[in-house]
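In: Fold the following.
(one chain, ligands or ions: 2)
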Amino acid sequence: MTLARPDTTVNAREAFGLDTDLVVPAFREADEHVPDIDADYRFNPDVTRALLAGFTRNRRVLVQGLHGTGKSTHIEQVAARLNWPCLRVNLDGHISRLDLVGRDAVVVREGQQVTEFQEGVVPWALQRPVALVLDEYDAGRPDVMFVLQRLLERDGKLTLTDQNRVLTPHPYFRMFATANTVGLGNLNGLYHGAQRLNHAQIDRWNIVAALNYLPADEEIAIVLARLPQLRSEAGRDLVSSMVAVADLTRQAFRVGDLSTLMSPRTVISWAENVEVFGNTALAFRLSFLNKCDEAERPLIAECFQRCFDQELDESGQLGTAA
Ligand SMILES: Nc1ncnc2c1ncn2[C@@H]1O[C@H](COP(=O)(O)OP(=O)(O)O)[C@@H](O)[C@H]1O
Ligand SMILES: [Mg+2]
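Out: Numbers count the residues shown, from 1 in each chain. Ligands and ions are numbered 1, 2, ... in the order given. Next up is the predicted model:
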């Protein structure tokens, strides 16, 4: 870490196309923790504003939304344009309190085995101008949430009890999180492993921004941004039909007819698979249909048929040739 504090500013209008005169602190040089810029990333104005408030005013921002809507990458792409070092920690079931805080480890010093405290990711980030991103915040285990709760308090100090040390956050330490749910647990059965967060947990976030599915035009633009080969009239037509299929499946999900939700991430991988297999229907089976409950497949096939005016051919499935 070379720089201790921001040494330049970024104009939000120029960098993010926001209709505001906001000027955001930033770093002149990127270190190895700054995410790479994805020039094709399309920013959601409201979420961008919320995240910039997080960086500028030290607000704690939670981005909530369905899976694959670009929550994690949104935070990274804002950080990338500010050259703000960023550390992403996925709180899914595996991470423990000791991973976050640190633990005693046996090391060899001058031929002797000694026990030494090895700092976890949270104390490391806290003492630096780093944006800590707690990904899948609603999947965090209770012991993990307990540690994070303290950090979200006003002074945000971290006590390392076993160490007898209290860490004060660096003035440019920032904290963000992403979650699929707003802490109500796995209500619709979609987010296995989502914990119920208590209100005190959610209350501690200063800003909750929502990033859900986008208007069709925006989703088409995102897919086309990812796949330059499709930037022709035919390509655009293809992608709009694909987004229309996704939209039909989402409508069916909303009324409870489907239990699997097609994310923008799935639409992107479907488009990529069209390039790989040269067959839209086959790519659809492989990217989405095969992830779905067998009982629901006829309905999904119907969504496909309505948008492509073509049956979803069973014989197109890979592995059935023999
Ligand atoms: N607005 C966008 N512009 C460009 N790509 C996007 C956008 N939103 C999502 N994507 C792409 O969709 C995929 C899923 O994004 P991700 O951030 O992992 O979603 P989430 O964290 O919400 O599950 C990524 O490959 C990302 O690049
Ligand atoms: Mg994510």
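
In: Alongside ligand 1, which residues does the stretch 1-150 of the chain contribute?
Out: 40-42, 65, 67-73 (C-beta under 6 Å from any ligand atom). No exception for glycine: its C-beta is placed from N, CA and C like everyone else's.

In: Look up how far residue 215 lies from the residue of the stretch 101-250 of the chain found nearest ligand 1.
Out: The minimum distance from the stretch 101-250 of the chain to ligand 1, using C-beta to the nearest ligand atom, falls at residue 222 (4.3 Å). Distance, residue 222 to residue 215, using C-beta to C-beta, to the nearest Å: 11 Å.

In: Show me which of these two is the more surrounded one.
Out: residue 222 (20 against 9; other C-beta atoms under 10 Å).

In: just to revisit the earlier point, among the residues of the stretch 1-150 of the chain next to ligand 1, who's most crowded?
Out: residue 71 (28 neighbours).

In: where do the strands sit along this protein?
Out: For the chain, the strands defined by DSSP state E occupy 8-11, 23-26, 61-64, 86-90, 102-109, 112-119, 131-135, 158-160, 165-167, 174-179, 207-210.

In: Comparing those by mean pLDDT, which bottoms out?
Out: Ranked by mean pLDDT, the strands of the chain end with strand 158-160 in last place, scoring a mean of 85.

In: What parts of the stretch 151-300 of the chain come near ligand 1?
Out: Checking the stretch 151-300 of the chain against ligand 1 by C-beta under 6 Å from any ligand atom, the hits are 178, 222, 225, 264-265, 268.

In: If you rank those residues by neighbours, which is first?
Out: Ranked by the number of neighbours (other C-beta under 10 Å), these place residue 178 first, at 28 neighbours.

In: surely that residue meets residue 136?
Out: Yes. Counting by C-beta atoms under 8 Å, residue 136 is a contact partner of residue 178 at 6.8 Å.

In: Of all the residues in the stretch 201-322 of the chain, which one is nearest ligand 1?
Out: For the stretch 201-322 of the chain, C-beta to the nearest ligand atom, closest residue to ligand 1: residue 265, 3.9 Å.

In: rewinding a little: columns distance to residue 284 on top of the strands of the chain, output as a markdown table?
Out: Output for these, formatted as a markdown table (distance: least, C-beta to C-beta, whole Å):
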| stretch | distance to residue 284 |
| --- | --- |
| strand 8-11 | 40 |
| strand 23-26 | 41 |
| strand 61-64 | 29 |
| strand 86-90 | 29 |
| strand 102-109 | 46 |
| strand 112-119 | 47 |
| strand 131-135 | 28 |
| strand 158-160 | 48 |
| strand 165-167 | 50 |
| strand 174-179 | 28 |
| strand 207-210 | 28 |
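
In: which stretches of this protein have low pLDDT?
Out: 1-3, 182-200, 313-322 (pLDDT under 70).

In: As a quick check, tell me the outermost residue of it.
Out: residue 111 (44.2 Å; C-alpha atoms, centre = their mean).

In: So for residue 33, which of the strands of the chain sits nearest?
Out: Judged by C-beta to C-beta, the one of those that comes nearest to residue 33 is strand 86-90, at 6.1 Å.

In: got the CA coordinates for that closest one in CSV?
Out: Taking C-alpha atoms only, strand 86-90 is exported to CSV below (Å, rounded to 0.1, in the frame of the first residue of the first chain):
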residue,chain,number,x,y,z
CYS,A,86,-11.0,-2.9,-2.9
LEU,A,87,-11.2,-6.2,-1.0
ARG,A,88,-14.1,-8.5,-1.6
VAL,A,89,-15.0,-11.1,1.1
ASN,A,90,-17.6,-13.6,0.3
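
In: strands paired with that strand, and their directions?
Out: Take DSSP bridges as the rule and strand 86-90 pairs in its sheet with strand 131-135 (parallel).

In: so how far is the partner strand off the chain centroid?
Out: Mean-position distance between strand 131-135 and its chain equals 10 Å (C-alpha atoms, centre = their mean, to the nearest Å).

In: Contact partners for the residue of the stretch 201-322 of the chain closest to ligand 1?
Out: 67-68 (C-beta atoms under 8 Å, 6 or more residues apart in numbering).

In: go again using 7 Å as the cut-off
Out: Residues near residue 265 by C-beta atoms under 7 Å, 6 or more residues apart in numbering: residue 68.

In: And for residue 106?
Out: 113, 115.

In: Could you double-check that residue 13 lies in contact with residue 23?
Out: No. Judged on C-beta atoms under 7 Å, residue 13 makes no contact with residue 23 at a distance of 9.4 Å.

In: Same question for stretch 84-104: list its buried residues.
Out: Buried residues in stretch 84-104, defined by neighbour count with 16 or more other C-beta atoms under 10 Å: 84-91, 95, 97, 100-102.

In: Same question for stretch 279-290.
Out: So stretch 279-290, judged by 16+ other C-beta under 10 Å, has buried residues 280-289.

In: Skipping adjacent residues, who's closest to the closest residue to ligand 1 within the stretch 1-150 of the chain in space?
Out: Closest approach between the stretch 1-150 of the chain and ligand 1, counting by C-beta to the nearest ligand atom: residue 70, at 2.4 Å. Nearest non-adjacent residue to residue 70, counting by C-beta to C-beta, 6 or more residues apart in numbering: residue 211, 6.3 Å away.
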